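Peer 1: Could you work out the structure for the sequence below:
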Amino acid sequence: MNDLENLIASAAEKAGRLALARGAVFATAESCTAGGVAYALTQVPGSSAWVDRGFVVYTNEAKREMLGVSGETLRRFGAVSEQTAKELAVGALERSNATHAVAVSGIAGPAGAVPGKPVGTVCFGFARREGDRVSASTETQHFDGDRRAVREATVLHALCGLAAMLD
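Peer 2: Numbers count the residues shown, from 1 in each chain. Have a look, this model is predicted:
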């Protein structure tokens, strides 16, 4: 394993320990990582106790159909936007038994950049359910490197964000 793979494994283990300790359950909604966050979480033994499901939604149609992202949101802000990431995360909560969700949508490259959104732009959505109430936050990060580096950095950041919601 390289250093980044070790960091990802450690972050997944930490998220799992925290989830188990707090009775949390995760769902993921992923575009640019193709299920990499869910894969990292489920590499941890015992993860079936705190991972409910993962959604891989590359197309706008999949985002709308599977997770309820608004067509208006996609038209106005684009698939790579904090608005879409928030709707992805909330949609993952609404369509799962999870208490916490993370969503990622970004431009891993080498192509796909648009004005204002260069390769390496990734939007994150973090959502949590507390009783009948759902709260969500978003952020945008810019990662350097090739497609693999952007995707790995995205997975690591998503895992750290899940852990931070519980820490």
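Peer 1: Which parts of the protein are helices?
Peer 2: Ranges of helices within the chain are 3-22, 36-42, 60-67, 71-77, 82-94, 147-166, based on DSSP state H.
Peer 1: List the contacts of residue 114.
Peer 2: Contact criterion CB atoms under 8 Å, 6 or more residues apart in numbering gives 78, 107 as the residues in contact with residue 114. All C-beta spots, glycine's among them, are computed from the backbone N, C-alpha and C.
Peer 1: thinking residue 24 is in contact with residue 99, fair?
Peer 2: Yes: counting by CB atoms under 8 Å, residue 24 sits close enough to residue 99 to count as a contact (4.8 Å).
Peer 1: List the buried residues of stretch 5-24.
Peer 2: Of the residues in stretch 5-24, those scored as buried under the neighbour-count criterion (16 or more other CB atoms under 10 Å) are 7-9, 11-16, 18-20, 24.
Peer 1: now swap in stretch 121-137 and tell me
Peer 2: For stretch 121-137, a neighbour-count test (16+ other CB under 10 Å) marks 121, 122, 123, 124, 125, 126, 127, 128, 129, 136 as buried.
Peer 1: what does stretch 30-44 give?
Peer 2: Of the residues in stretch 30-44, those buried (16+ other CB under 10 Å) are 30, 31, 32, 33, 36, 37, 38, 39, 40, 41, 42, 44.
Peer 1: can you give me how far it is from the chain middle?
Peer 2: 8 Å (CA atoms, centre = their mean, to the nearest Å).
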